[in-house]
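> sequence and predicted structure, then a few things I'm wondering about:
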Amino acid sequence: MPSTTPEFIPESTTDDAVQAPAMDLASRSHQIWPVFSAAELRRLERFGHHARHADGATMFQAGSSDFGMLVILSGKVAISRHEGLGKTSPLSELVAGQFIAEVAQLSGRPALVNGAAVGEVEVLVISPESLRALIVAEAEMGERIVRALILRRVGLINVNSGGPVLVGPRGNGNLFQLQSFLASNGHPHTVLDPATDAAAAALAGRYQPTPQEWPLVVCPDGKVMKNPGNAELGRCLGMLPDLSGDKIFDVLVVGAGPAGLATAVYAASEGLSVLALEQRAYGGQAGASARIENYLGFPTGISGRALAGRAYVQAQKFGVEIATPASAANLLCDSWPLRVKLCDGTQVRARTVVLSCGARYRRPSLANLKTYEGRGVYYWASPIEAKLCKEEEIILVGGGNSAGQAAVFLSGHAARVHMVIRGAGLAASMSSYLIDRIAATPNIILHTHTEIIALEGDEDGLQGARWRNRQTGEECDCSVRRVFLFVGADPNTDWLRDCAVAVDEQGFIRTGFDVTRAECRAHGHAAPLPYPPDLPERAALETSVPGVFAIGDVRAGSTKRVAAAVGEGAAVVSQIHGFLARLPVGSA
């Protein structure tokens, strides 16, 4: 596993620190383990209640204990982490004045470490709700707490521990997919190869997985699963909460890319209850960008994962409920409140729905493409993929900004990057600064008027690819084991058909005055609607369905830039307030 770089670094750090290849956590121990003064401890009293633990008592366990924050008033607490199967190692020993918590505790998720009392221990127990209130009410202490939470998560990721244990043979495609899912969500984990680790070999001997059942996954609470899907893994880690209750949210955000996260942060900070659904990893396609250099306020650039990671922590700070991976299957608007049905059949209800569901990666028409996805074919370029490419020749298909960022990033790891585009050049689809950088990178070779026509491989994965020059018809076989596809995306709107949300010819969602009178829906709702949907006061980001808004890349006419997506995510909140203000008194 690669070391974590910038995903969760607080904004108070410098740009140089954010972009550093690895963090020197030892020099920041005073930030990781701050000590509250007696006066600060007295101020904390109003946010929690007292609890006592006998010497040697287990206070909490990884994977099975959830709490907000424990402030040590007397005694000591020994913190340990899981190293692997049945093994733990000490992390630290905290004393009076220090606190116990990690990023997961902001949203009440299970702890990632273990804690045991050393001597008689008295603590102040602060619930997740009270912890969020504390961070907002006590600004200076709140900043120190959030910084410590973030750095503690970075520390767990840096040593690849504190979460689930993935056991599988090196190069296994299913193992790679789960690693990628966890890394994209900034979740610590351990990977063990049964060929080199005795404990992993013993587990494999006990469960006897077939080739299709790799990897084995040991959840923090000890449960063992065979090749779980992302949703199963998300449930075992508390990332996918139970959404089957009767709660009605003020705002339901579908998609936690930059636009959706912006909506979640601004709406929750203004007192609205918010649920965000994300089908794979927060940050969306922007989260896969190796470096964004034209985002305002970051002159040295920032990775998409770093930007998304900051927004994700902000959302949790303000109480946003985030469910990952949670895929929306249908938007049901024949009654009110609105309902979104998930792929597992669960339905969630909300007064307003914000569609920030972005786009799906476009897949070329290659006969055996799916066979090699995750086994040589990739749709993003993270440090995990970069590590696989070390000193290899690779192919990267695409000519947009994301493709350019990926090519430059991967060129620092691969021996050679063959950049394949169908057009005559990059100027029509890529920013000039990226074009200049690609031209100045000697191991990036640009192939114009070219397309991939075949993939070749065996049971071990991809072994080669064939491309063809569209002008001359000349074909070339290239012995590569990694192909990266950045060939654009299609709007993720097929799941909206039952609600008849109006879209344009390409499938992007129409909003505001782009919605025609004939496309408006004002009937079929159980509660009276606040206004006829075709009147001039119709909100600019509202769709043809009252109370349903669209922002970001999925919206017709949107500017496909991260800054524009964030701007729309912020702007839609005032329009949501306007819609809610017009609802009849006593409506749900």
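Looks like it arrived, so ask away.
> tell me which helix or strand the closest residue in space to residue 121 that isn't next to it in sequence sits in.
Distance criterion C-beta to C-beta, 6 or more residues apart in numbering; nearest residue to residue 121, sequence neighbours excluded, is residue 75 at 3.5 Å. All C-beta atoms are positioned from the backbone trio N, CA, C, and that covers glycine. Assigned by DSSP states H and E, residue 75 falls within strand 69-82.
> list the helices and strands that strand packs on?
Here strand 69-82 is seen to pack against helix 38-44, strand 58-60, strand 88-94, strand 99-100, strand 114-126 when contacts are counted using 3 or more C-beta pairs under 8 Å, 6 or more residues apart in numbering; DSSP states H and E.
> sorry, back to before: could you report the neighbour count for the residue nearest to residue 121?
Burial of residue 75 is recorded as 19 neighbouring residues (other C-beta atoms under 10 Å).
> for residue 160, same thing?
18.
> that one is in what secondary structure piece?
Going by DSSP H and E, residue 160 is not in any helix or strand.
> isn't it right next to residue 183, touching?
No - assessed by C-beta atoms under 8 Å, residue 160 is found out of contact with residue 183, at 10.3 Å.
> about what we covered before: what pairs with the strand holding residue 75, parallel or antiparallel?
Using DSSP bridges, the strands paired with strand 69-82 in its sheet are strand 88-94 (antiparallel), strand 99-100 (antiparallel), strand 114-126 (antiparallel).
> what's next to the first one, contact-wise?
This points to strand 88-94. 33, 72, 76-83, 100, 113-114, 118 (C-beta atoms under 8 Å, 6 or more residues apart in numbering).
> output those in JSON lines; the columns should cover distance to residue 572, pLDDT and neighbour count.
Output for the contacts of strand 88-94, formatted as JSON lines (distance: C-beta to C-beta, whole Å; pLDDT from 0 to 100; neighbours: other C-beta atoms under 10 Å):
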{"residue": "33", "distance to residue 572": "40", "pLDDT": "93", "neighbour count": "17"}
{"residue": "72", "distance to residue 572": "43", "pLDDT": "98", "neighbour count": "22"}
{"residue": "76", "distance to residue 572": "49", "pLDDT": "98", "neighbour count": "17"}
{"residue": "77", "distance to residue 572": "44", "pLDDT": "98", "neighbour count": "24"}
{"residue": "78", "distance to residue 572": "47", "pLDDT": "96", "neighbour count": "16"}
{"residue": "79", "distance to residue 572": "42", "pLDDT": "92", "neighbour count": "19"}
{"residue": "80", "distance to residue 572": "45", "pLDDT": "88", "neighbour count": "17"}
{"residue": "81", "distance to residue 572": "41", "pLDDT": "80", "neighbour count": "22"}
{"residue": "82", "distance to residue 572": "42", "pLDDT": "74", "neighbour count": "24"}
{"residue": "83", "distance to residue 572": "45", "pLDDT": "67", "neighbour count": "17"}
{"residue": "100", "distance to residue 572": "38", "pLDDT": "96", "neighbour count": "20"}
{"residue": "113", "distance to residue 572": "38", "pLDDT": "85", "neighbour count": "25"}
{"residue": "114", "distance to residue 572": "42", "pLDDT": "90", "neighbour count": "23"}
{"residue": "118", "distance to residue 572": "50", "pLDDT": "97", "neighbour count": "17"}
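> mind listing the helices in the chain by residue range?
Counting by DSSP state H, the chain has these helices, from start to end: 15-19, 29-32, 38-44, 128-137, 139-158, 173-184, 198-207, 230-237, 258-269, 304-317, 383-388, 401-411, 432-439, 562-581.
> who wins for proximity to residue 501 among those helices?
Closest to residue 501 of those, according to C-beta to C-beta: helix 562-581, at 15.2 Å.
> just checking, what packs against the closest one?
strand 248-254, helix 258-269, strand 347-355, strand 548-550.
> could you redo the last one with a cut-off of 6 Å?
Helix 562-581 sits against helix 258-269, with contacts defined as 3 or more C-beta pairs under 6 Å, 6 or more residues apart in numbering; DSSP states H and E.
> next, name the residue at the spatial heart of this protein.
With distances taken as C-alpha atoms, centre = their mean, the chain has residue 282 as the residue nearest its mean C-alpha position (2.3 Å).
> roughly how far apart are the closest residue to residue 359 other than its chain neighbours and residue 499?
Nearest residue to residue 359 in three dimensions, chain neighbours excluded: residue 489, at 3.4 Å (C-beta to C-beta, 6+ apart). Using C-beta to C-beta, to the nearest Å, one gets 22 Å for the distance from residue 489 to residue 499.
> beta partners for residue 225?
residue 217.
> so it sits right up against residue 216, yeah?
No - with contact defined as C-beta atoms under 6 Å, residue 225 and residue 216 do not form a contacting pair (7.2 Å).
> of those two, who's got more company?
Comparing residue 225 with residue 216 by neighbour count (other C-beta under 10 Å), the higher total belongs to residue 216, at 24 against 17.
> surely the more buried one is in contact with residue 167?
Yes - if you go by C-beta under 6 Å, residue 216 and residue 167 touch, sitting 4.3 Å apart.
> and the contacts of strand 88-94, which two are the farthest apart?
72 and 83 (24.6 Å).
> name the residue most distant from the centre of the protein?
Quick read of the chain (C-alpha atoms, centre = their mean): farthest out is residue 472, 43.0 Å.
> against residue 468, how distant is residue 417?
Residue 417 is 19 Å from residue 468, by C-beta to C-beta.
> so for the two, which residue has more residues nearby?
Higher neighbour count among residue 417 and residue 468: residue 417, with 28 against 16, using other C-beta under 10 Å.
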